[in-house]
Each structure stands twice: as C-alpha cells, then as structure tokens.
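Chemist: What follows is a protein structure lacking sequence information:
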C-alpha cells in the first residue's frame, strides 16, 4: 500500500505529536508500505528525502522551534494525482492539515485524522477561556471531514463522541521499552546534578510552557524539599516559560532538550516524575517514565488513567486536586521503601505496549478505510467546505 502522512511538526522538533508521527511512519514502513511524509520546511538547509514533500511554513507564535505549514491544497492535489496514495493520515489541524483534507476529498482518497492536542484547553491556559468552545467547534469541523478520527484513550473517545465528533477510533500508543529502561540509570549524571548515593531527584520532562501547569510542579517540589532539603528538581525540555522559571528558581537544574538514549538516561536517573499538566490528549512522557522505572505523579486522565495505578506506580490524582497532587509528591518522595516497590512495578504497567502492535493496528485501520471506499465505488467527493481561493506560498 501507499500511504501519505501529513504533519506540521516532525523531528528533529521534540514534542509528543512529532515523535508519535515519526513512530507511525516508521511502523508502516517496517511493514513494507510506501510512506510519503508532507511537512513544513524547518529551515533553509532542510532538504527533502525521497519520501518527503516539504512545503513553506512559518514559526508558530510563542513556540520557538515549531512551525505551521502554509495552505497547499493545489500542490497536494497535483502531487497526489501524479502518485496517488491509497490513504492519508493528517496529524495536525493547521493550514497544511486543512489543505490535505481538501485535496484528499477532491480526489476521493480516504483520510484519517489524529486528535493530538486539546486546543480548547489551551485557550484557558493562555487567558482566553471564552474561545474554548470556538476552538472545539473548529476541531470538530476539521475531524468530521475525515473518514475516522484516531485517539489514544477510551476517555478521549467518549469525550469527543459526547461532543458530536464522528467516527472516533481508539489507537493505543506504544513505548520503546528497549530504549526506556531502568538499566539506563546513570550515577555519573546524578553526580552532575549534585546528588550522592542517597540523593533524591524529582524530574519533569516536556514543554516548559504555560499550558503544562508548571507552577503546581514548583509548589509540589518545594513541599517535598522541606522534608528532603538535599532534593534536586531536574527539568528536561525547553519552551517559552523556561527563562522566567530559571530566573525565579536558581537551584533548579535545567538540562535542555534531550533525545534518544540521552533522554532515556535522564528519565531513568530520576526518582519521581512530576507531571502536573491538565491539557494533554495523552502524555507520552508518562509511558516513558513508567518504562524507565520512575514512580509518577500525574492527574487521572490520558495515559495516567489508562496505565498508572494509584499507590502501585505512583499517584493518579483525581479532579485536578492540586492539594492532593502536592501531598502525593511529598508522601512518595519521603517513603523510600514504598517508592522502591513502585520502581519495580512501573515497568510492568507498560511492558506490552509494543510499537509493532500499534503499527499493525494503524495499518489495519487505514486498510479498512481503503476497502470501504473501494466497496462504495467513490472516486471523488465534494469539498469539505466552500472552496476559498488559496494563496499558496511557493
């Protein structure tokens, strides 16, 4: 089969969507399929491989290092007319994603979308809560124009269905348990953090940005630090909130963006993963922490609801209860015996989440869309919205 994947974020950009998209691409290719990726050009020296189409884009406001693709309906239509994919997967709801759905609709190519980001929650985090319902309607219009919307959890599927999203399908996520492994714990790295043999490192991994609810992480650490003055808080990642956080907390350790084995080494060298976000659709880092043998405190939704068992793998905090989140971090940090048992249990929670199975399920879903379209004898469909003249960048 020939598939096309369209995404406005892709490695070397580091975020959950980019890494998930790359994993799906590699999984399909490992299964013998021809996979073509459409993404924005990430810089002047960014050259397309034989499997890529690069389109113009622009930096995403307030998110240095991330880009949004410009509209490209005509170019995509011409490309896919020349070499037609059997199905497409659109990972992002930006201008490039809309263009891909329009082109696929015109050509009668079945399309699936991925619901990766709760933009309605982001509106609240950035002080424009009155736009939350507008954002949700915009996302519903986008995803309902596809043949299926893929989500990682049952909880999110139920939420979207209750908000009149059509054809919602659960596709579980995976984690690479070869890469993320407790055996990667690095005592020389911990020594760089100023920790002795019995030291304690709380760790946060992810975007350092307003929507991640990071003030709560700071308060939780200060609480546990009162009982463990030697504790260190290690931050892995980058983002627009880093500079102020670093200025306000000079004792925190900022390691910047880490990738691959270096990321795995940082994860496994932590003692407690503190993840206060309330705006995730999933939270891949939760799986990575569990696979690394790191007890985790997170709110009870997304990946935590699917795989994190309260009291066994850390703490799953209900209803956004900030006081309970802080108390759990403090309690687990100060109970070495219980935390040791949790380290033994966390890896078992994700042991069966194999990337190969996700690739199989993704392939089967796309194949089903292709077969359904062929059975219906549909070769082209009206546009998903009244066509507006697009000014496409060259």
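Modeler: Everything's here; your move. This one's a predicted model, so the numbers in the text were calculated from it and none came from an experiment.

Chemist: Which residues lie in contact with residue 275 in this structure?
Modeler: 204, 206, 217, 283, 285, 286, 289, 296, 297, 298, 299, 304 (Cβ atoms under 8 Å, 6 or more residues apart in numbering). In this view, the C-beta of every residue, glycine as well, is placed from N, C-alpha and C.

Chemist: ignore the last one, residue 267
Modeler: Residue 267 touches 180, 184, 203, 205, 236, 273, 288, 289, 292, 294, counting by Cβ under 8 Å, 6+ apart.

Chemist: mind redoing it with 6 Å?
Modeler: Taking Cβ atoms under 6 Å, 6 or more residues apart in numbering, we find residue 267 in contact with 288, 292.

Chemist: now swap in residue 153 and tell me
Modeler: Residue 153 makes contact with residue 306, according to Cβ under 6 Å, 6+ apart.

Chemist: Backbone dihedrals for it, please?
Modeler: Torsion angles at residue 153 (phi, psi; degrees, to the nearest 10) stand at phi -140, psi 160.

Chemist: go on, the one 10 residues further on?
Modeler: For residue 163, the backbone dihedrals (degrees, to the nearest 10) come out as phi -100, psi 20.

Chemist: Ok, the one 4 residues further on next?
Modeler: Recorded main-chain torsions at residue 167 are phi 50, psi 50, according to degrees, to the nearest 10.

Chemist: Just the pLDDT for it.
Modeler: On pLDDT, residue 167 comes in at 94.

Chemist: all strands for the stretch 251-394 of the chain, in order.
Modeler: For the stretch 251-394 of the chain, strands defined by DSSP state E, counting those that start in this stretch occupy the ranges 253-256, 272-275, 296-299, 314-317.

Chemist: Out of the ones you listed, which one sits most buried?
Modeler: strand 296-299 (a mean of 29; mean count of other Cβ atoms under 10 Å).

Chemist: what element comes up after the helix or strand bottoming out on mean pLDDT in the chain heading to the C-terminus?
Modeler: Lowest by mean pLDDT, DSSP states H and E among the helices and strands of the chain is helix 119-125, with a mean of 67. Downstream of helix 119-125, the next assigned helix or strand under DSSP states H and E is helix 132-144.

Chemist: Just checking the distance from that following helix to the centre of its chain.
Modeler: Put simply, helix 132-144 sits 19 Å off its chain's centre (Cα atoms, centre = their mean, to the nearest Å).

Chemist: cool, and stretch 157-170?
Modeler: On Cα atoms, centre = their mean, the centre of stretch 157-170 falls 19 Å from the chain's centre.

Chemist: Pull the residues that contact it.
Modeler: Under the contact criterion Cβ under 6 Å, 6+ apart, stretch 157-170 has outside partners 140, 143, 144, 148, 149, 150, 151.

Chemist: ok so, going back, just tell me which of the strands of the stretch 251-394 of the chain ends up closest to residue 174.
Modeler: Nearest to residue 174, of all the strands of the stretch 251-394 of the chain, is strand 296-299, at 17.4 Å by Cβ to Cβ.

Chemist: Could you pull up the mean pLDDT of that closest one?
Modeler: Rounded mean pLDDT across strand 296-299 is 98.

Chemist: can you give me how far that strand is from the chain middle?
Modeler: 16 Å.
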